[in-house]
Structure formats: structure tokens, C-alpha cells
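In: Sequence first, then the predicted structure:
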Amino acid sequence: MKTTVKLFLLVHRYLGFALSLLFVVWFLSGFAMMYVRYPTMRQHEKLRNLPPVDLQSCKLNLNEALTMAGVKDTMRTVRLGMMLDRPVYRLTTTRGDYKAVFADNGELFSGTDSVLAGKLASSFGKPARVGKTAVLTEIDQWMAAARSQGYTTPVYRMQIDDDEGTYIYVSTQTGEVVQRVNARQRFLAWLGPIPHWIYPTVLLRNRPLWNDIIIWISSLGTIMCIAGIVMGFVRYKRKDKSSFEFSPYKKRWFRWHHYTGFVFGIVAFTWVFSGLLSMTPWDWAPNTRLDMEETAQWTGGPMKAELFSLSSLKAIERLNEISVKEIHLIQLHGKPYYLACQDDDHTRLMPADADAVIPFEKFDHRPFISMVQALNPGIGIKESLVLSEYDDYYYSKYNEKRLPVLRVKMSTSQETWYYIDLKTGQVVLKHEKLSRLERWLYHGLHSLDFKWLVYRRPLWDLVVGLLLIGGLSVSFTGLVMTWKWIKRKSSTSGRLFSL
């Protein structure tokens, strides 16, 4: 027993020496993380700053655009928008290849030069003058989302002459603005996400190394917290029942580390453990999207360009309820549709294979129930329900996810749930037993985004703030003890050296 206790003590002590400063940084940056997000330009912001489409000069249909682009692979996404004053098809294949074809004359877009990049940047949102321009051949600190957003370097970084210190990034490959970040966002990111996620540029450029570092540090931090919790109970000695004192330590910082650790050690453990799970180590939780076979079945197979017989010009003439910024060409169950977007909140749908059609805002939910059933032949449906508000699994702290959605629960062995966005017809979330467990162990423990709490501000702020103060107290007392230990060892080594 004594050997086991000593082992826990040594593990906690030496891991604490190594990690105490990092834990202080994590908790301090956690306060900023309550209100600050990493400055990534999301689709909603991008659409808001684009000009409305003008398809008067659009002469190519989708089939002709694919022919001009020489695309032989199946399509992942097809978008019709503007590049300055010219309509353009933006095509992405399932292999990730990107092509852009101008819809007025079939010219293949060959890439962005500095002149075009400057025009695109200055016309994005409010007209502005472009100052200093740099060509980035590697991602910088503000391009962390490059891979997930589907663009690569080289990228033009344009410094805008405004009072906000704005940078606008333009992809040389796609001819699109892919990032916009101002000085305030950059400053706040250094207070919150960058130190919290250990996100310096050098690690952004080496994702496998960053992934390994986070997993190893959070794993060791989890072990340190477990050992500390064990030692907290082992050292619990309450001599006087009329007093709240229970620590045997006489030294002030040791005693306060014991007290704060005893109360808030479990908080530190749950946060570092859930941080570990955020990296999905060992791939223990399933994907929350449809797999390739399910996607093919949902869409009706590869996109059939010849089905889009309604011209985009005729379609846009009927979409007068919204200011259309981009049109997505989608296929559901073998049927073609135009999805017109003003932003994420204002969209319209229209069948793309008939003339006498009227735009509509969302699909009827009933056909999707049959489509989900077809993904699970022979399996019964436990529940189908249209949600007009978030539940425990389809939710957004910032109310960014679209509603309504159809939730279908299947009686599979994994109790599979599907969430279908009725404004796009896409399966936006698929949950199984393990992915629902991950939701609670990761997001629940790390963000405390429980439905009964997260939408009740400022109650959520008070609870999270109090727990952060507690975790910071544990970490700070450990950091002081580490500093004192280093000073003591340095002093001892100095005396030995002088002898």
C-alpha cells in the first residue's frame, strides 16, 4: 500500500512540475474561450459580403460547363456564382479536384493573379482600398481552416487600408475570398484559442505533429489529475470535527494546493480528459456523417448534369423573395434542384428539371422518412419528428444551425439517429451510441453545453467562470510549488558546484 501511494505521489509531483504552467495557461485562456472563437470566415459571413448574382450573360448549362472543364470524375459540389461581373461555375469533384468555368463563354479559369486578387479583395463587402500584398506559399496563423474549407496555398494576403487592420485572403486556385480577419480578432485569438489549443503557426503547418503533441500532453495531464485526486483523499486527515481543516500539510502552498485540488481536482480532470477526447484518439467514436455508399444512395448516385434542364436564368427570375448570392446545384434521390442562397438563414429551393415550378423554402419531411428507411432496409422506425428547436445532439451555442430539421430514430443495433435539414435536404448529422456518448464526454464535459444550462445566460457564464477560477487556483498553487522546487534545486546545485 505504501509503495502504491508513493507511486501516485511521484507521478503527480513530477507530471505537475512539467505541466503546471501549461494548465495555468489553459485555464486563463479558458476565460477568453467563453466569448472568443478562432477567427474563421464562415459560409454565412462569406455569402453576406458577396454581390448578388447576375445571370443575364449566363449561356452555359451544367452539362456544357462540365464538358468545357474536362471533368470526368463524379461531382461533390457544384456552385454557380459571380467572379466580379462574370457568372462562373465552381466545380469540386469527389477526388477534391477543383475547376472553375466562366458561364458566359465557357472559358476555363486559369488562376488568380495579383491584379484580380486586389479587385476581389476590394469589392468584398464594403468597397475598400488594398494596401500591402503578400503571396503566401505556406499557411499562416489565420489559415487554420484551409483544409476543412477546401483551399490550399498559394494565397494572396491583402492588407486593407481601413481602421480595423483587416487582412483579406484570396485563393489563387479558386479566385475566391477565403478569409477575412481584423486586428481585434487577431488580438483576441492570442488570448483565447491559440494558447488554449497550442496553435502556433509552426504546428498549424504540421498537423500530425500537433495532433500527437495534444494527445500526449492531455493524456499525461489526465494521469496527473487522477494521481492528484487519489493523493487528495489519501492525505485527507480531519483531526478536529468542528473545523473544516483536513490537510496535514504545514507549508502554505502545499496546504492550499491540497484544499483547491480536493474541491476542484475533478474539474481539472474532466476538462483535460474531454480535451483529450476532442482529438478522437484511437478513432473510438464513429463518424457523424453519411458514408460514401449512404451518400450515393441518398443523392441517387453520381450527379446527372443532363437533368438540370431548367436554365439558371429562368430560375433566378422567379427567385425574387431573396437576394441570391450563390446557387448550389444539388441532387436528391435522383432529382435535380437549385438551392439559392442569400445567406444561411435565407434560402430557396426549386426543381431544376421543369419550367412550371414555384420556389419553396423547405422540403416536405415525409419523403425523407422513406429515404432513411431505404438506408436501413428491414429495420423499423422508432420515431420520426420535425424539430423546430434544438435538442441535446443537434444544437448550436450561437444558434447558427438551421431549423427545422427532421429527426428519424431507427431501431438498429447501434440505435442510429438521422437529422435532415429540411431547407437543403441534406443529412447534417448521424448519431450512433458511441457518437452520442462522445458528445457528452467531449462537448458536455468541456463546454458544459447542456441544454438546460447553455441557453440560460448569464447562469452558464457564472457556472463556467466559477469552475475556471477553481481550476486556475489548483494550477496556480501547483505552479508556485514547481517554482519553489526549481529554486531549491538550483540553489542546492549552486552550492555543490561551488564546493
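Out: Thanks, I have it. Numbers count the residues shown, from 1 in each chain.

In: give the contact list for the residue lying closest to Phe264 once chain neighbours are set aside.
Out: Of all residues not flanking Phe264 in the chain, Gly470 sits nearest, at 3.4 Å (Cβ to Cβ, 6 or more residues apart in numbering). All C-beta spots, glycine's among them, are computed from the backbone N, C-alpha and C. Gly470 sits next to 260, 263-264, 267 when contact means Cβ atoms under 8 Å, 6 or more residues apart in numbering.

In: do the same with Lys362
Out: By Cβ under 8 Å, 6+ apart, the neighbours of Lys362 are 349, 404, 422-423.

In: how about the residues you listed, which pair is most distant?
Out: By the measure Cβ to Cβ, Leu349 and Pro404 form the most distant pair in these, at 14.1 Å.

In: quick one: which of these two has more around it?
Out: Per other Cβ atoms under 10 Å, whichever of Leu349 and Pro404 has more neighbours is Leu349, with 23 against 16.

In: distance between the strand or helix carrying the more buried one and the chain's centre?
Out: Leu349 belongs to strand 347-351 when assigned by DSSP states H and E. How far strand 347-351 lies from its chain's middle: 27 Å, per Cα atoms, centre = their mean, to the nearest Å.

In: For it, what does the pLDDT average out to?
Out: Averaged over strand 347-351, pLDDT sits at 94.

In: and what of stretch 483-499?
Out: Stretch 483-499 comes out at a mean pLDDT of 73.

In: same deal with stretch 306-324?
Out: pLDDT averaged over stretch 306-324 gives 88.

In: residues near the residue lying closest to Val324 once chain neighbours are set aside, how many?
Out: Ranked by Cβ to Cβ, 6+ apart and with sequence neighbours excluded, the top spatial neighbour of Val324 is Ala340, at 4.6 Å. For Ala340, the neighbour count with other Cβ under 10 Å is 26.

In: can you confirm Ala340 is in a strand?
Out: Yes - the assignment for Ala340 by DSSP: H, G, I helix; E, B strand; the rest coil puts it in a strand.

In: Could you tell me which residues make contact with it?
Out: Contacts of Ala340 (Cβ under 8 Å, 6+ apart): 315-316, 319, 322, 324, 326-328, 347-350, 359.

In: Apply 6 Å and report the result again.
Out: Residues near Ala340 by Cβ atoms under 6 Å, 6 or more residues apart in numbering: 319, 324, 327, 348.

In: The first one and Pro359 touch, don't they?
Out: Yes - taking contact to mean Cβ atoms under 6 Å, the distance of 5.5 Å between Leu319 and Pro359 places them in contact.

In: Give me the common contacts of the two.
Out: With Cβ under 6 Å, 6+ apart as the test, Leu319 and Pro359 both reach Arg348.

In: mind listing the helices for the stretch 1-150 of the chain?
Out: 2-33, 43-48, 62-69, 114-122, 146-149 (DSSP state H, counting those that start in this stretch).

In: can those go into a markdown table with extra columns for mean neighbour count, distance to Asn399 and mean pLDDT?
Out: Formatted as a markdown table, the helices of the stretch 1-150 of the chain follow (neighbours: other Cβ atoms under 10 Å; distance: least, Cβ to Cβ, whole Å; pLDDT from 0 to 100):
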| stretch | mean neighbour count | distance to Asn399 | mean pLDDT |
| --- | --- | --- | --- |
| helix 2-33 | 17 | 18 | 94 |
| helix 43-48 | 15 | 11 | 92 |
| helix 62-69 | 19 | 34 | 91 |
| helix 114-122 | 18 | 30 | 94 |
| helix 146-149 | 14 | 21 | 84 |
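
In: just to revisit the earlier point, tell me the helix or strand right after the strand holding Leu349.
Out: Following strand 347-351 toward the C-terminus (DSSP H and E): helix 366-375.

In: Which positions within that following helix qualify as buried?
Out: 368, 371-373, 375 (16 or more other Cβ atoms under 10 Å).

In: And for stretch 300-307?
Out: Per 16+ other Cβ under 10 Å, stretch 300-307 contains these buried residues: 300, 303-305, 307.

In: chain center to that stretch, what's the gap?
Out: The answer for stretch 300-307 is 30 Å, by Cα atoms, centre = their mean.

In: is it true that Met353 touches Pro336?
Out: Not quite, residue 353 is Asp, not Met. Yes - between Asp353 and Pro336 there is a contact at 5.3 Å, judged by Cβ under 6 Å.

In: Identify the contacts common to the two.
Out: Leu307.

In: More neighbours: which of those two?
Out: Taking neighbours as other Cβ under 10 Å, Asp353 and Pro336 compare with Pro336 leading, 23 against 14.

In: Once you drop chain neighbours, what's closest to Lys401?
Out: Using Cβ to Cβ, 6+ apart, the closest residue to Lys401 is Tyr394 (6.6 Å).

In: And the strands in the stretch 101-250 of the chain?
Out: 130-136, 155-160, 167-171, 177-181 (DSSP state E, counting those that start in this stretch).

In: Ranking the ones you listed by mean neighbour count, which comes first?
Out: strand 167-171 (a mean of 25; mean count of other Cβ atoms under 10 Å).

In: so what secondary structure elements neighbour that strand?
Out: Contact analysis of strand 167-171 by 3 or more Cβ pairs under 6 Å, 6 or more residues apart in numbering; DSSP states H and E lists helix 114-122, strand 155-160, strand 177-181 as its packing neighbours.

In: CA atoms only: put the longest one into PDB for me.
Out: Extracted in PDB, the C-alpha atoms of helix 114-122 (Å, rounded to 0.1, in the frame of the first residue of the first chain):
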ATOM      1  CA  SER A 114      -2.300  39.900 -58.100                       C
ATOM      2  CA  VAL A 115      -4.500  42.300 -60.100                       C
ATOM      3  CA  LEU A 116      -7.600  40.100 -59.900                       C
ATOM      4  CA  ALA A 117      -6.900  39.300 -56.200                       C
ATOM      5  CA  GLY A 118      -6.800  43.000 -55.500                       C
ATOM      6  CA  LYS A 119     -10.100  43.600 -57.200                       C
ATOM      7  CA  LEU A 120     -11.800  40.700 -55.400                       C
ATOM      8  CA  ALA A 121     -10.500  41.800 -52.000                       C
ATOM      9  CA  SER A 122     -11.500  45.500 -52.600                       C
END
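
In: outside of it, which residues touch it?
Out: Here helix 114-122 has contacts from 128, 130, 156, 158, 168, 170, using Cβ under 6 Å, 6+ apart.

In: Just want the angle from it to strand 130-136.
Out: Between helix 114-122 and strand 130-136, the angle comes out at 120 degrees (axes from the mean of the first three to the mean of the last three Cα atoms, to 10 degrees).
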